[in-house]
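Student: Coordinates for the following, if possible.
(one chain, ligands or ions: 2)
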Amino acid sequence: MTGITYEDFIDLDYEPADDELVCDFRVTPASDMDMESAGSRVASESSNGTWAELQVEGSITDLSATCFDIQGDRIRVAYPDALFEHGNMPQVLSCIAGNILGMKAVERIRLLDCDWPEPLTSSFPGPQYGTSVRSELLDAADRPITATVPKPKVGLSTDQHVQVAYEAWTGGIDLLKDDENLTDQSFNRYEDRLYQSLERRDEAEEETGERKSYLVNVTGTGDQMLERVQMAADAGCEFVMVDVVTAGWAAVQQVRELTEEEGLAIHAHRAMHAAFDRVPDHGVSMRALAQVARLCGVDHIHTGTADLGKLENEDTAGINEWLASDLHGLKDVLPMASGGLHPGLVPELVDRIGTNIGIQAGGGVHGHPDGTHAGAKALRQSIDAAVAGIDIEEYADTHPELRTALDKWGTETPR
Ligand SMILES: O=C(COP(=O)(O)O)[C@H](O)[C@H](O)COP(=O)(O)O
Ligand SMILES: [Mg+2]
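Tutor: Ligands and ions are numbered 1, 2, ... in the order given. Below you'll find the model as predicted:
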């Protein structure tokens with residue numbers, strides 16, 4: 001690599017080859033840099049360059065990335081396929097979202113979007129089910145899936161948790177969801193919760209004639225996670241939930257291998273994503289994180305509420321569209337809207353992002369004045385109304401649980 005300089009990493013006439021990964025970055029250069037200098041340094045540090053001209057002979061030189069496009073504060077960089085270890089997401093991210101995020105040559109840099117080429121994409125499994133969970137695992141082919149997370153998010157005993165689950169399922173909820181910070185604590189053990197929840201799930205299925213399931217949180221260390229996934233599979237659960245950002249992509253990939261064998265779907269909770277994507281000109285966009293999640297093989301992922309809920313959102317509609325788009329034959333992913341939702345927000349939510357989604361409400365179900373069962377009914381009624389195109393106020397005239405929810409929360413977005 002003798003003699004490589006930053007100029008070797010920029011070529012504005014370059015046309016990326018079909019098998020190259022193209023990444024789109026927003027860049028604020030350091031005060032003493034122009035965009036071209038910053039762009040070449042991004043390409044260098046994220047592929048095979050460093051700050052010094054090397055005096056090392058004999059290494060392969062065609063692994064250099066190329067900054068080939070600069071438009072305002074946006075640059076595009078093409079990465080040769082051989083730079084990547086196929087099927088290894090941590091390695092891919094150590095290139096395209098690694099050192100460059102802390103590099104002094106840029107004041108700020110954000111990985112916005114990736115155009116994934118066929119060879120690299122095909123080295124990942126992608127989802128096992130994707131949106132087909134709606135009909136393959138549940139009875140929700142013609143409407144959004146409903147999910148609820150018992151609240152308080154931690155602190156309920158297993159008995160309390162399971163009772164809340166039963167009331168929610170029989171009220172019309174498809175999926176019981178653990179909260180992101182509930183795993184295997186002293187007050188609510190994983191194993192007890194899993195077995196007892198599935199017993200009540202069977203009762204709820206019998207009572208309602210609808211398939212129900214449980215997004216049981218298997219997040220933990222590597223072996224722990226695999227044990228928990230195996231336990232869920234052996235107990236007859238159809239889903240597991242993973243906190244994909246805190247657990248890490250290596251863990252997600254490991255879980256994905258086991259879920260392939262056991263036929264389980266993966267629900268991806270994105271707790272901590274905002275550390276990467278909340279500041280608009282730095283980090284890694286939620287769009288890019290969702291892409292990584294799809295390649296690694298999650299079936300659902302939280303993508304926000306199109307600005308209607310309690311949490312900050314980034315382009316929910318655009319991300320959802322990408323998750324449904326063609327990606328070299330990989331399955332799609334079901335986007336999950338969650339965070340401060342309640343029945344009064346459902347019509348507008350469906351208007352903004354359609355019905356090919358999951359709708360999760362915790363407080364918006366368990367905060368219903370008449371309790372969880374009524375709250376579950378109200379949420380389902382709001383979805384039925386939205387799907388049928390019936391005005392929610394009119395629907396509430398004949399659906400008392402929905403009326404009570406609307407009287408309490410109206411159509412306001414909580415904070
Ligand atoms: O517990 C909740 C929502 O509870 P509630 O329904 O009571 O607000 C989820 O963890 C958030 O949706 C995560 O946010 P996001 O989905 O944006 O990642
Ligand atoms: Mg939560």
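
Student: what's the burial count for the residue in the stretch 1-150 of the chain positioned nearest to ligand 2?
Tutor: In the stretch 1-150 of the chain, the residue that lies nearest ligand 2 is Val149 (5.5 Å; Cβ to the ion). C-beta coordinates here come from the backbone N, C-alpha and C atoms, glycine included. Neighbourhood size, Val149 [other Cβ atoms under 10 Å]: 25.

Student: pLDDT at it, what is it?
Tutor: On pLDDT, Val149 comes in at 97.

Student: My understanding was that it contacts Gly364; is that so?
Tutor: No - using Cβ atoms under 8 Å, Val149 is not in contact with Gly364, being 10.3 Å away.

Student: ok, which residues in the stretch 1-150 of the chain are in contact with ligand 1?
Tutor: With Cβ under 6 Å from any ligand atom as the criterion, the stretch 1-150 of the chain meets ligand 1 at residues Val149.

Student: any idea where the helices of the stretch 1-150 of the chain begin and end?
Tutor: Ranges of helices in the stretch 1-150 of the chain, per DSSP state H, counting those that start in this stretch, are 35-45, 89-96, 118-121, 133-136.

Student: Tell me which of those lies nearest to Glu206.
Tutor: helix 133-136 (20.4 Å; Cβ to Cβ).

Student: Nearest residue to the closest residue to ligand 2 within the chain in space, please, no chain neighbours.
Tutor: Ranked by Cβ to the ion, the top residue of the chain for proximity to ligand 2 is Asp179, at 4.4 Å. Excluding its sequence neighbours, the residue lying closest to Asp179 (Cβ to Cβ, 6 or more residues apart in numbering) is Lys153, at 3.7 Å.

Student: Provide a list of residues in contact with that neighbour.
Tutor: Residues near Lys153 by Cβ atoms under 8 Å, 6 or more residues apart in numbering: Asp179, Glu180, Asn181, Leu182, Gly362.

Student: For the residue most central in space within the chain, pull up the helix or strand it's in.
Tutor: With distances taken as Cα atoms, centre = their mean, the residue of the chain nearest its centroid is Ile301 (3.1 Å). Using DSSP states H and E, the element containing Ile301 is strand 300-302.

Student: which strands and helices sit next to that strand?
Tutor: Judged by 3 or more Cβ pairs under 8 Å, 6 or more residues apart in numbering; DSSP states H and E, the packing partners of strand 300-302 are strand 265-269, helix 286-296, strand 334-338.

Student: Name the residues of the longest one that come out as buried.
Tutor: By 16 or more other Cβ atoms under 10 Å, the buried positions in helix 286-296 come out as Met286, Arg287, Ala288, Leu289, Ala290, Gln291, Val292, Ala293, Arg294, Leu295, Cys296.

Student: Roughly how far does the last one sit from Gly340?
Tutor: This means Cys296. Going from Cys296 to Gly340 by Cβ to Cβ, to the nearest Å gives 27 Å.

Student: now do the second one
Tutor: Applying Cβ to Cβ, the value for Arg287 to Gly340 is 21 Å.

Student: before we move on, back to that, need the contact list for the residue of the stretch 1-150 of the chain closest to ligand 2.
Tutor: For Val149, counting by Cβ under 8 Å, 6+ apart, the contacting residues are Leu176, Lys177, Asp178, Asp179, Ser338, Gln360, Gly362.

Student: For Arg110, see how far away it is.
Tutor: For Val149, the distance to Arg110 - Cβ to Cβ - is 30 Å.

Student: Kindly report the same for Gln254.
Tutor: 28 Å.

Student: In terms of neighbours, single out the busier of those two.
Tutor: Neighbours per residue (other Cβ under 10 Å) separate Gln254 from Arg110, with Arg110 holding more: 25 against 19.

Student: who's the more buried one bridged to?
Tutor: Beta-bridge partners for Arg110, by DSSP bridges, are Arg26, Gly283.

Student: gap between it and His267?
Tutor: 27 Å.

Student: Does Asp113 touch Leu289 like I think?
Tutor: No - look at Asp113 against Leu289 with Cβ under 8 Å: they stay out of range, at 11.3 Å.

Student: residues in the stretch 151-300 of the chain within reach of ligand 2, list them.
Tutor: Neighbours of ligand 2 within the stretch 151-300 of the chain, by Cβ under 5 Å from the ion: Asp179, Glu180.

Student: so which residue of the stretch 151-300 of the chain comes closest to ligand 1?
Tutor: With Cβ to the nearest ligand atom as the measure, Arg270 is the residue of the stretch 151-300 of the chain nearest to ligand 1, at 4.6 Å.

Student: Which residues are in contact with that residue?
Tutor: With Cβ under 8 Å, 6+ apart, Arg270 has these contacts: Asp243, Val244, Val245, Met286, Leu289, Ile301, His302.

Student: from those, which are also near ligand 1?
Tutor: Among these, the residues that sit close to ligand 1 (Cβ under 6 Å from any ligand atom) are His302.

Student: Redo the helices and strands packed on strand 300-302 as TSV? Include mean pLDDT.
Tutor: Shown next, in TSV, are those (pLDDT from 0 to 100):
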stretch	mean pLDDT
strand 265-269	98
helix 286-296	98
strand 334-338	98
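
Student: Mind putting those into TSV with distance to Arg74?
Tutor: Formatted as TSV, the helices and strands packed on strand 300-302 follow (distance: least, Cβ to Cβ, whole Å):
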stretch	distance to Arg74
strand 265-269	28
helix 286-296	14
strand 334-338	25
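
Student: Any idea which of those gets closest to Asp307?
Tutor: Of all those, strand 334-338 comes closest under Cβ to Cβ, at 10.9 Å.

Student: quick one: that closest one near ligand 2?
Tutor: No - shown here: strand 334-338 not in contact with ligand 2 (Cβ under 5 Å from the ion), separated by at least 7.4 Å.

Student: Put the alpha carbons of that strand into PDB.
Tutor: Written as PDB, here are the backbone C-alpha positions of strand 334-338 (Å, rounded to 0.1, in the frame of the first residue of the first chain):
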ATOM      1  CA  LEU A 334     -43.500  -5.800   9.600                       C
ATOM      2  CA  PRO A 335     -43.100  -2.300  11.000                       C
ATOM      3  CA  MET A 336     -44.400  -1.800  14.600                       C
ATOM      4  CA  ALA A 337     -45.800   1.500  15.700                       C
ATOM      5  CA  SER A 338     -45.500   2.000  19.400                       C
END
